[in-house]
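1. 3D model of this:
(2 chains)
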Amino acid sequence: MRKRVASILAIGLILVPFLFGAVYAKTLRIGSMSPLTGPYASDGTDIKNGALTAIEVFEEMGGIPGYDKIELMPQDTACDPRQAVAAANKLINLEVAGVIGAYCSSSTIPASDVLDEEDIIMITPASTNEKVTERGLAYMFRMCGRDDDQAPAAAKFIKEQLGGKTLFIVDDKTTYSQGLADGVAKAAKEMGMTVLAHEHVNQGDKDFSAVLTMAKKANADIFYMSLQGFSPAAMMTLQAKRLGMKSQIVTQDAMFQPRFMDVAKDAAEGVYLTFGYTDPSTPEYKAFEKRYVPKYGKIAAYATYSYDATTALLKAIKAAGTTDSAKVKAELMKLDFQGVAKNVKFRENGDSGSTYIAFKVENGKFVPYWDPEKGLIK
Amino acid sequence: MEYFIQQLINGLTLGGMYALIALGYTMVYGVIQLINFAHGEFFAAGGYAGAIALAYFAGMGYMESHPVLCLTGSFVLAMAYCAYLAIGVEKIAYKPLRKESRLSALLSALGMSIFLSNGMMLTRGVYDEVYPSELFQGGFDFGMVTISYLQITIVSLTAALLIGLNILVFKTKIGMAMRATAQDKTMSALVAIGSNRIISLTFAIGAGLAAAAGIMYGLYYGSVKYDMGFVPGIKAFAAAVLGGIGNITGAMIGGLVIGMVEIFGAGYISSEYKDVFAFIILIAVLYFKPTGIMGENIDDTRV
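-> Next comes the predicted model:
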């Protein structure tokens, strides 16, 4: 008995420093939500890495007064609405000051409902479905663009630059991909183009030979590929080339990932896609590149947006001097700074807008190709 | 007609891969009555091993001088690696539970599946591992129909492996020992057949075939990923059940049927519900013939 008491005391003594640690070191917790496992794990990991980089930079510049440390609490959503809601609840329990995420629109929407009830700020770096900011939530912000901006831009590009008359559309039935595909189909019809077929595949599919054989038979001018991630898109592009499909492939923001070309290789050459314009010549972008690339590898679609979202949140918390959401929101609305991806300035509904331009894959790189205002970029 | 032929070739390629994976399920079930849910992960591990071997050969510069030799080497290495992996998994996760209820072994298999796929994620990362695409560029063009060299290679290699397996099981002494163990473990032990050795061998052969399918998959789809074993694993399991689980010929037929139904369902009815068609066929066949297509002579031919 005495031995047991002694050992409990010993353990207690060992734990004492941790107790003091907890009292004295004040940590600011920021949550992040993105798919860290499952088919979109690579995009989700980019979002996490972007947020980590932002915190690292912010801490080096002095951090936030009153806090010794800023800590990221990355949660896995797996692009699954149920898991996203569970992750949101977990972040509420962790008492985070704000949340960066999620990736899939279908995760962001239910998770934001949960977070909004607790008045927690959420900034999505990647969910482009228009519903995200159209539900009147007070604390929902968006760093990327919207699909109802992207779809007309894509349709305009197809008609005016590529001279397309017929389209074959494929999507994989997520809130994002189907929403965008429907938007493109609608805009294309309004502009007088014909949609020959609008087919759906499933998330997680790898074999697209059946639907591509259909597309080959239909022989449309444009094959519009709307998929949730770059990985199935790269496979589809590769299989389309092997099958000898002649239609021009046009796709969207989720494929703005250098790994798209790693997998599809020369099949990716000449593919067009629409993405929010990022100026790679700004000092902010160069500084980010210098820090991010050696640690995490190639800069992908949403790492920069995640960086800007995290920076905006931290700036607002610092300016507000508190983590009270109403005050932080007031500071967020005042922000106007040049981020890595774009100039950050929020509108009343939480959007921050994005100019969609068309990129072309040339020699394994995304080259800015066409601007809706100015036409060809050269 | 051309459209039909193109879809037929697509279905044959996919079905062949399913058949190769399905064999592992069916052989293991034949010998120890266990659904080895970790089998899909052997397929993924084979894909990774092949990617690593090919990258190594390419790095050494052998890829340009001896492409066929390098590819054969990668197949052999990946199949051997997966065979050892499967033997190890069997020794660690299934052998200690052989006397327990079947449910414990099944749960152990599920656990092993999660363990292996997460292990691959942690060691190889969440990004796709890319296969060299310079191999088998191009193909034959007959108007609307395009048959790539890659599809020809995959289909012929699958056929060769299936024939080889048939010879091994039905024409050799080892095959006879396997069939004997499958029929009656005690009795075969009495005539000096070491059942542990045969069980290990069964796992090794099944995983070797899955590894071959994994490399073909990587070549065909351009990349492999840690979670790639799950969906083909489920489909191949369905194929094994469709053909009559425990029956080798059944697994081959089942794999081809599932692949064909999936492609034709997607090509003629709706690509949205292609998985549904595969499982409708499964349910329909099992409704009328609960033992599967080849299920009646289960005691003679199962391994």
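2. Doesn't A:Phe275 lie inside a strand?
-> Yes. When the secondary structure is assigned by DSSP: H, G, I helix; E, B strand; the rest coil, A:Phe275 falls within a strand.
3. That one reaches A:Ala254, doesn't it?
-> No. Judged on CB atoms under 8 Å, A:Phe275 makes no contact with A:Ala254 at a distance of 9.3 Å. C-beta: built from backbone N, CA, C; applies to glycine.
4. which residues are in contact with both of those two?
-> Listed as contacting both A:Phe275 and A:Ala254 by CB atoms under 8 Å, 6 or more residues apart in numbering or on different chains are A:Ala301.
5. Just want to know which of those two has more residues nearby.
-> Of the pair A:Phe275 and A:Ala254, A:Ala254 is the one with more neighbours under other CB atoms under 10 Å in any protein chain shown, namely 30 against 24.
6. Tell me if the more buried one really is in a helix.
-> Yes. Assignment of A:Ala254 by three-state DSSP places it within a helix.
7. shouldn't it be in contact with A:Ala181?
-> No. Distance between A:Ala254 and A:Ala181: 12.0 Å, which falls outside the contact criterion (CB under 8 Å).
8. now the strand or helix carrying B:Ala278, how far from the centre of its chain.
-> Assigned by DSSP states H and E, B:Ala278 falls within helix B:274-288. Distance, stretch centre to chain centre, for helix B:274-288: 20 Å (CA atoms, centre = their mean, to the nearest Å).
9. Quick one: list the elements packing against that helix.
-> For helix B:274-288, the elements it packs on are helix B:230-243, helix B:248-264, judged by 3 or more CB pairs under 8 Å, 6 or more residues apart in numbering or on different chains; DSSP states H and E.
10. looking at those, which is closest to B:Glu41?
-> Shortest distance between B:Glu41 and the helices and strands packed on helix B:274-288, using CB to CB, is found for helix B:230-243: 7.7 Å.
11. Which stretch among the helices and strands packed on helix B:274-288 approaches A:Val340 most closely?
-> Of all the helices and strands packed on helix B:274-288, the one in closest proximity to A:Val340, counting by CB to CB, is helix B:230-243 (35.5 Å).
12. May I see the buried residues of the closest one?
-> Residues of helix B:230-243 classed as buried by neighbour count (16 or more other CB atoms under 10 Å in any protein chain shown): B:230-233, B:235-243.
13. So B:Val126: helix, strand or coil?
-> Of the three states, B:Val126 takes coil according to three-state DSSP.
14. circling back to that earlier point, reformat the helices and strands packed on helix B:274-288 into JSON lines and put mean pLDDT and distance to B:Lys274 next to each item.
-> Putting the helices and strands packed on helix B:274-288 into JSON lines (pLDDT from 0 to 100; distance: least, CB to CB, whole Å) gives the following:
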{"stretch": "helix B:230-243", "mean pLDDT": "92", "distance to B:Lys274": "11"}
{"stretch": "helix B:248-264", "mean pLDDT": "93", "distance to B:Lys274": "5"}
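15. Format those helices as a markdown table; extra columns: distance to chain A.
-> Converted to a markdown table, the helices and strands packed on helix B:274-288 look like this (distance: least, CB to the nearest CB, whole Å):
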| stretch | distance to chain A |
| --- | --- |
| helix B:230-243 | 6 |
| helix B:248-264 | 5 |
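16. from what I can see A:Val201 touches B:Ser271, true?
-> Yes. Using CB under 8 Å as the test, A:Val201 is close enough to B:Ser271 to be in contact (5.5 Å).
17. what is in contact with those two at once?
-> In contact with both A:Val201 and B:Ser271: A:Val211, using CB under 8 Å, 6+ apart.
18. Provide a list of residues in contact with whichever residue of the stretch 51-200 of chain B sits closest to chain A.
-> As assessed by CB to the nearest CB, chain A sits closest to B:Val126 within the stretch 51-200 of chain B, at 3.8 Å. Taking CB under 8 Å, 6+ apart, we find B:Val126 in contact with A:Leu36, A:Thr37, A:Ala41, A:Ser42, A:Thr45, B:Tyr226.
19. ok, and the most crowded of those residues?
-> Result: B:Tyr226 is most packed of those (other CB under 10 Å), 27 neighbours.
20. Which other helices and strands does the one helix or strand B:Met176 maps to contact?
-> Applying DSSP H and E as the criterion places B:Met176 in helix B:173-183. Packed against helix B:173-183 by the contact rule (3+ CB pairs under 8 Å, 6+ apart) you find helix B:2-32, helix B:149-171, helix B:185-190, helix B:195-221.
21. Where among those is average confidence lowest?
-> The stretch with the lowest average pLDDT out of the helices and strands packed on helix B:173-183 is helix B:185-190, scoring a mean of 88.
22. before we move on, the earlier item: present the buried residues of helix B:230-243 as CSV; the columns should include distance to B:Tyr131.
-> CSV is the format used below for these (distance: CB to CB, whole Å):
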residue, distance to B:Tyr131
B:Phe230, 19
B:Val231, 19
B:Pro232, 16
B:Gly233, 20
B:Lys235, 21
B:Ala236, 21
B:Phe237, 25
B:Ala238, 26
B:Ala239, 24
B:Ala240, 27
B:Val241, 30
B:Leu242, 30
B:Gly243, 29
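23. Which two among those residues are spaced furthest apart?
-> By the measure CB to CB, these have their two most distant members at B:Phe230 and B:Gly243, which lie 20.7 Å apart.
24. neighbours around B:Asn10, how many?
-> Burial of B:Asn10 is recorded as 27 neighbouring residues (other CB under 10 Å).
25. what sits against the nearest residue to it once chain neighbours are set aside?
-> Nearest in space to B:Asn10, with sequence neighbours left out and distances taken as CB to CB, 6 or more residues apart in numbering or on different chains, is A:Ser209 at 3.7 Å. Contacts here follow CB under 8 Å, 6+ apart; on that basis A:Ser209 touches A:Gln239, A:Leu243, B:Gln7, B:Asn10, B:Thr13, B:Leu14, B:Ile263.
26. Might one say that the last one is in contact with A:Ala210?
-> Yes. Under the criterion of CB under 8 Å, B:Ile263 makes contact with A:Ala210 at 4.7 Å.
27. Those residues of the stretch 101-250 of chain B touching chain A, which are they?
-> B:121, B:126-128, B:130, B:133, B:139, B:141, B:144, B:146, B:148, B:150, B:217, B:221-223, B:225, B:227-228, B:231 (CB under 8 Å from any CB of the partner chain).
28. State the distance from the nearest residue to A:Phe168 once chain neighbours are set aside to chain B.
-> Sequence neighbours aside, A:Ala220 is the residue nearest to A:Phe168 in space, at 4.0 Å (criterion: CB to CB, 6+ apart). Applying CB to the nearest CB, to the nearest Å, the value for A:Ala220 to chain B is 15 Å.
29. cool, A:Thr310 as well?
-> Separation of A:Thr310 from chain B (CB to the nearest CB) stands at 20 Å.
30. Average pLDDT for the helix or strand harbouring that residue, rounded please.
-> Following DSSP H and E, one finds A:Thr310 within helix A:303-320. Average pLDDT, helix A:303-320: 94.
31. just the CA coordinates of it, formatted as PDB?
-> Extracted in PDB, the C-alpha atoms of helix A:303-320 (Å, rounded to 0.1, in the frame of the first residue of the first chain):
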ATOM      1  CA  ALA A 303      -1.600  26.000 -50.600                       C
ATOM      2  CA  THR A 304      -1.400  29.700 -51.400                       C
ATOM      3  CA  TYR A 305      -5.100  30.400 -50.600                       C
ATOM      4  CA  SER A 306      -4.700  28.500 -47.300                       C
ATOM      5  CA  TYR A 307      -1.700  30.700 -46.500                       C
ATOM      6  CA  ASP A 308      -3.600  33.900 -47.200                       C
ATOM      7  CA  ALA A 309      -6.700  32.700 -45.300                       C
ATOM      8  CA  THR A 310      -4.500  31.900 -42.200                       C
ATOM      9  CA  THR A 311      -2.600  35.200 -42.500                       C
ATOM     10  CA  ALA A 312      -5.900  37.100 -42.700                       C
ATOM     11  CA  LEU A 313      -7.300  35.400 -39.700                       C
ATOM     12  CA  LEU A 314      -4.100  36.000 -37.600                       C
ATOM     13  CA  LYS A 315      -3.900  39.600 -38.700                       C
ATOM     14  CA  ALA A 316      -7.500  40.200 -37.700                       C
ATOM     15  CA  ILE A 317      -7.000  38.600 -34.300                       C
ATOM     16  CA  LYS A 318      -3.900  40.600 -33.700                       C
ATOM     17  CA  ALA A 319      -5.600  43.900 -34.600                       C
ATOM     18  CA  ALA A 320      -8.700  43.000 -32.500                       C
END
